[in-house]
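# How does the following fold in three dimensions:
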Amino acid sequence: MAYSLVAEIWSELAFGMLVFALRFFTRWKYSGFRGMSYDDLFAVFAVTFWILETVSLYTCSAYGNNINLSVESALAVPDSEVPRLILGSKLAYCAWIFYILGIWTLKGVLLCLYNRLTMGLQQQRFVWVMMVVSVLTFLASLLWHILSCYPTYRAWQIKPYPGESCTQRKWNYVIICVLDVVTDIGMMAIPIPMLLRASLTVRRKVSLVLLFGSGIFVMICAVLRAYYSLVLIDDNTVALGWAAREFLVAAIVVNAPSIKPIFSDFKKRLTENYASGSWKSGTGSNAMSSGLPPYNGKNDIENNTAITSGNHKRTQAYKMSSIGRSQPKSESQDHINTATDADNDSTNSNIGKDGIIVTTEFKVSRR
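All right, here's what the predicted structure looks like:
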């Protein structure tokens, strides 16, 4: 069966839209519309740019463009074909812009997520640094694309031949790939060190490292795209195909932390169905020696939590991420707790009569 670029780019876009739809459904299910954050806004932008890029790739491939032209072949193009090639070349030029916008908005999704996860931690400063770095690499990539062929109209010029810097754009693949990978490496350096130091079980720690370290696949895809596009520079279907593949891989990796809760719940329900009993609510206790900020959001996991302070009691729902306890319901409620077991023991031992002890009541029922 012959390879079809059109079939690939549209099928990958369709699958990617399913991934984003699952992401938005999961966020709505566990956080509600009011719980949406900036990473969801970046996700909307990413969807928009991905659609625009796919349309541009399809149309520039259908209309033709100046990528494969040379000095001799450009002069041999019939005048009647020039307007069509100009339109296709303009679309190819726009496809680069949509590609840059889309890839860096996906980075914005992760950075906003990391900013929430590191709220109140020292690592949040590094998140801010990476936000600045991401903006700078984005601007550098965009400006390189625009200024590497100046005046801009030469990017879609047919006669006379404008030169390889305006048609094949070989250095685009190198410069933008380097900036892309460097930014991804810096972003991966945010969660991995914290997870390795976190007070988690080995199994949980490995699963989270694999989840947040999956950005390595995006970097591999970006490098392969640049390599094959340069090696087969005369076949523009290679570059167009790899652009779509990279976008799909990046979309899956970026949305994985957000859609994980719904799969975790599904797995939990399956386990409960095969179990002889059913736990209606989780178990556990938590203690801390400082005040707790109340959280009354209806979309958070609300447990019947009794808080004892001094000689009086009061019961109130709290957002558990505010006390350093991670919730499986949604990544917006997660909080990476880097305290060691020794620190936890020390904290528990120092709780006096004026301390605050958070306990959770549980009800067990058998089907």
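# pull the helix or strand with minimum mean pLDDT from this protein.
Least confident helix or strand, the chain: strand 305-309 with a mean of 33, by mean pLDDT, DSSP states H and E.
# Tell me, how many residues neighbour L139?
A total of 13 residues lie near L139 under the criterion other C-beta atoms under 10 Å. C-betas here are computed from N, CA, C, even on glycine.
# Can I get the helix or strand harbouring it as PDB, trimmed to CA atoms?
L139 is part of helix 124-147, with elements assigned from DSSP states H and E. Only the C-alpha atoms of helix 124-147 are listed here, as PDB (Å, rounded to 0.1, in the frame of the first residue of the first chain):
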ATOM      1  CA  GLN A 124       9.000  27.100  41.900                       C
ATOM      2  CA  ARG A 125      11.700  29.600  41.200                       C
ATOM      3  CA  PHE A 126      13.300  27.300  38.700                       C
ATOM      4  CA  VAL A 127       9.800  27.000  37.000                       C
ATOM      5  CA  TRP A 128       9.800  30.700  36.700                       C
ATOM      6  CA  VAL A 129      13.300  30.700  35.200                       C
ATOM      7  CA  MET A 130      12.200  28.000  32.700                       C
ATOM      8  CA  MET A 131       9.200  30.200  31.800                       C
ATOM      9  CA  VAL A 132      11.500  33.000  30.800                       C
ATOM     10  CA  VAL A 133      13.800  30.600  28.900                       C
ATOM     11  CA  SER A 134      10.800  29.200  27.100                       C
ATOM     12  CA  VAL A 135       9.600  32.600  26.000                       C
ATOM     13  CA  LEU A 136      13.100  33.500  24.900                       C
ATOM     14  CA  THR A 137      13.600  30.300  22.800                       C
ATOM     15  CA  PHE A 138      10.100  30.800  21.300                       C
ATOM     16  CA  LEU A 139      10.900  34.400  20.200                       C
ATOM     17  CA  ALA A 140      14.300  33.200  18.900                       C
ATOM     18  CA  SER A 141      12.700  30.500  16.800                       C
ATOM     19  CA  LEU A 142      10.000  32.700  15.500                       C
ATOM     20  CA  LEU A 143      12.400  35.600  14.600                       C
ATOM     21  CA  TRP A 144      14.900  33.200  13.000                       C
ATOM     22  CA  HIS A 145      12.100  31.900  10.700                       C
ATOM     23  CA  ILE A 146      11.000  35.400   9.800                       C
ATOM     24  CA  LEU A 147      14.300  37.100   9.400                       C
END
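# The helix or strand just after that helix to helix 124-147, inter-axis angle?
Note on helix 124-147: by DSSP H and E, the next helix or strand toward the C-terminus is helix 170-188. Inter-element angle recorded for helix 170-188 and helix 124-147: 170 degrees (by axes from the mean of the first three to the mean of the last three C-alpha atoms, to 10 degrees).
# is it true that T152 touches I146?
Yes - in this structure, T152 is within contact of I146 by C-beta atoms under 8 Å, at 6.7 Å.
# Who has more neighbours out of those two?
I146 (14 against 11).
# Spit out the contact partners of that one.
T152 (C-beta atoms under 8 Å, 6 or more residues apart in numbering).
# Show me what the helix or strand where P193 lies is packed against.
Applying DSSP H and E as the criterion places P193 in helix 191-197. Judged by 3 or more C-beta pairs under 8 Å, 6 or more residues apart in numbering; DSSP states H and E, the packing partners of helix 191-197 are helix 202-212.
# Could you list the residues in contact with the helix it packs on?
The contact list for helix 202-212 (C-beta under 8 Å, 6+ apart) reads M188, P191, I192, L195, L196, A198, L200, A256, P257, K260.
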